[in-house]
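Novice: coords please:
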Amino acid sequence: MKKIALIEDDADLYSLLEYNLQKEGYTVVGAQTGKGAVELFRRERPDLIILDIMLPDSDGLEICKRVRAHPDLAHIPILFLTARASETDRILGLELGGNDYIVKPFFVRELIARVRVHFREPANGASVLKVGDLELDRPRRQVRLRGRPVALTATEFRLLEYLMSRPGVVFTRDQLLDAVWGHDRAVTDRTVDVYILRLRQKLEDDPANPSFLRSVRGFGYSFAEQTAAPAEV
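Specialist: You can find the predicted model right below:
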């Protein structure tokens with residue numbers, strides 16, 4: 001059973017989300033203040049964090065930064081809840097390590113749909129994908145380059161996994177948004193560019209001339225086809 005940590009200061013909204021998430025079969029832990037949130041995450045080790053940005057005693061973005069800096073928590077997906085609706089706010093949240101961004105007010109079924117996207121099983125069933133010196137280990141949620149671990153956020157991992165499991169296939173930004181972020185989303189196609197850039201900076205010897213994550217002018221992105229194959233596991 002998947003565990004979700006919910007940090008939301010509005011008592012009525014907290015109760016509504018807790019009820020509906022539990023109804024969907026998830027275990028819910030959480031609090032209505034940001035104080036002690038990181039300690040809660042360390043203790044409970046949730047599979048997903050739903051985090052309000054505008055908390056009375058804390059800044060959700062700062063909590064996100066602390067989670068991403070913690071070696072035992074950095075991999076956990078973070079779904080922001082906020083009344084800040086501008087594209088600038090959304091991009092900032094994603095660049096700081098958020099995986100999704102839901103603007104209040106929202107439909108509960110929309111949030112449930114996005115939660116399901118984060119827990120969706122990959123299409124390609126191979127446990128480990130390997131391309132040259134790059135290796136993606138699905139069960140451990142780890143990426144290694146030349147044998148050394150590469151720290152990725154949950155969304156970076158999903159995007160790399162999606163492309164790496166379909167080498168040579170060219171995807172538009174909208175297709176990647178639907179596949180990685182889901183059909184119900186509040187992010188733009190620029191988000192894909194931001195994440196591709198971050199992956200290149202972490203994985204490519206020369207990000208300006210990438211070997212793995214390639215741009216197809218006027219269309220989108222693809223993962224290098226040559227030598228791409230699932231490892232024998």
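Novice: these two touch, right, A179 and E161?
Specialist: No: applying C-beta atoms under 8 Å, one finds A179 not in contact with E161, separated by 10.2 Å. Quick note: C-beta positions are derived from backbone N, CA and C, even for glycine.
Novice: ok, now which ones touch R66?
Specialist: Counting by C-beta atoms under 8 Å, 6 or more residues apart in numbering, R66 touches V38.
Novice: Would you tell me what helix or strand it is located in?
Specialist: helix 60-69 (DSSP states H and E).
Novice: What distance do you get for the residue nearest the centre of the chain to L176?
Specialist: Nearest to the mean C-alpha position of the chain, counting by C-alpha atoms, centre = their mean, stands T155 at 2.6 Å. As judged by C-beta to C-beta, to the nearest Å, T155 and L176 stand 11 Å apart.
Novice: Could you do D72 as well?
Specialist: Distance, D72 to L176, by C-beta to C-beta: 29 Å.
Novice: For these two, work out which one has more neighbours and name it.
Specialist: Applying other C-beta atoms under 10 Å to D72 and L176 shows that L176 carries more neighbours, namely 20 against 10.
Novice: Run through the residues that contact that one.
Specialist: Counting by C-beta under 8 Å, 6+ apart, the residues that L176 touches are L159, Y162, L163, V192, G220, Y221.
Novice: Equivalent analysis for V29, please.
Specialist: Counting by C-beta under 8 Å, 6+ apart, V29 makes contact with K3, I4, A5, L6, L40, E44, P46.
Novice: Filter the residues you listed down to the ones in strands?
Specialist: K3, I4, A5, L6 (DSSP state E).
Novice: Go ahead and confirm the last one touches L21.
Specialist: Yes: using C-beta under 8 Å, L6 makes contact with L21 at a distance of 7.3 Å.
Novice: Between those two, which contacts overlap?
Specialist: Contacts common to L6 and L21, judged by C-beta under 8 Å, 6+ apart, are V28.
Novice: quick revisit: keep only those of the contacts of L176 that are in strands.
Specialist: Among these, the members falling in strands (DSSP E) are G220, Y221.
Novice: Rebuild the contacts of L176 as TSV, extending it with neighbour count and distance to D52.
Specialist: Shown next, in TSV, are these (neighbours: other C-beta atoms under 10 Å; distance: C-beta to C-beta, whole Å):
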residue	neighbour count	distance to D52
L159	25	25
Y162	19	28
L163	24	31
V192	22	26
G220	19	33
Y221	23	32
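Novice: For stretch 168-178, buried residues please.
Specialist: F171, R173, Q175, L176, L177 (16 or more other C-beta atoms under 10 Å).
Novice: Quote the end-to-end distance of that stretch.
Specialist: 19 Å (C-alpha to C-alpha, to the nearest Å).
Novice: Which of the buried residues of stretch 168-178 sits closest to A11?
Specialist: Proximity of those to A11 (C-beta to C-beta) peaks at L177, which lies at 33.3 Å.
Novice: Break this structure down into its structural domains.
Specialist: Under the assignment automatic domain parsing, the domains of the chain span 3-118, 128-230.
Novice: could the ones you listed go into a markdown table alongside mean pLDDT?
Specialist: Output for the domains of the chain, formatted as a markdown table (pLDDT from 0 to 100):
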| stretch | mean pLDDT |
| --- | --- |
| domain 3-118 | 88 |
| domain 128-230 | 85 |
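Novice: Show me where this structure has its helices.
Specialist: 11-23, 37-44, 60-69, 87-95, 108-118, 154-164, 173-176, 190-203 (DSSP state H).
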